[in-house]
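**Q** Can you look at this prediction? I've put the sequence above it.
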Amino acid sequence: MKLQLLQIAHGRSGDKGDTGNVGLIARKPEFYPLLKKYVTVDAVKRHFQGICLGAVERFELPNLYALNFLLHNALGGGGTVYLKNDAQGKTLSSALLRMEIEISEKERPNV
């Protein structure tokens, strides 16, 4: 079954120069294992294809039930250089929350 991340997480995002910083936080502690298992570097890179032109890094924050992603070369040089509508990456978390993951029926969370 498909599950949109918005159902099990919320997010925050911003920037450091040309790198988008996206935090993904589980809405409940029991949702964190799903995030860890399915929201991989490769999945995030595919989701931001055409936006993130560099590497994606993932950092786990189990004490916060969260993941943090750095999307390198994703902001056209950053807010002081590029005239992009979102050169600071403020909408990247909303975009990530729209990503769908494929999970088994057995893993279906109680949302």
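**A** Yep, it's here.

**Q** List the beta-bridge partners for the residue lying closest to residue 100 once chain neighbours are set aside.
**A** Leaving aside its sequence neighbours, residue 100 sits nearest to residue 2 (CB to CB, 6 or more residues apart in numbering; 4.7 Å). No exception for glycine: its C-beta is placed from N, CA and C like everyone else's. Per DSSP bridges, the residues bridged to residue 2 are residue 102.

**Q** Model confidence for residue 2, exactly?
**A** On pLDDT, residue 2 comes in at 95.

**Q** and it, how many neighbours does it have?
**A** Using other CB atoms under 10 Å as the criterion, residue 2 is surrounded by 7 other residues.

**Q** do residue 109 as well
**A** Number of residues near residue 109 (other CB under 10 Å) recorded here: 15.

**Q** again, but for residue 66
**A** When neighbours are counted by other CB under 10 Å, residue 66 registers 19.

**Q** The lowest-mean-pLDDT helix or strand in the chain: partners in the sheet, and parallel or antiparallel?
**A** Taking mean pLDDT, DSSP states H and E as the measure, the helices and strands of the chain show their lowest mean at strand 9-16, namely a mean of 88. Partner strands for strand 9-16, per DSSP bridges, with pairing direction: strand 19-26 (antiparallel).

**Q** The nearest residue to residue 53 once chain neighbours are set aside: what's it in contact with?
**A** Residue nearest to residue 53 in three dimensions, not counting chain neighbours: residue 73, with 4.3 Å by CB to CB, 6+ apart. Contacts were defined as CB atoms under 8 Å, 6 or more residues apart in numbering; by that measure residue 73 touches 18-19, 52-55.

**Q** can you tell me which residue is nearest the centre of the chain?
**A** In the chain, the centroid-proximal residue (CA atoms, centre = their mean) is residue 96; its distance is 4.4 Å.

**Q** quick revisit: for the least confident helix or strand of the chain, list every residue counted as buried.
**A** Residues of strand 9-16 classed as buried by neighbour count (16 or more other CB atoms under 10 Å): 9, 11, 13, 15.

**Q** Tell me how far it lies from the chain's centre.
**A** Counting by CA atoms, centre = their mean, to the nearest Å, strand 9-16 is centred 8 Å from the centre of its parent chain.
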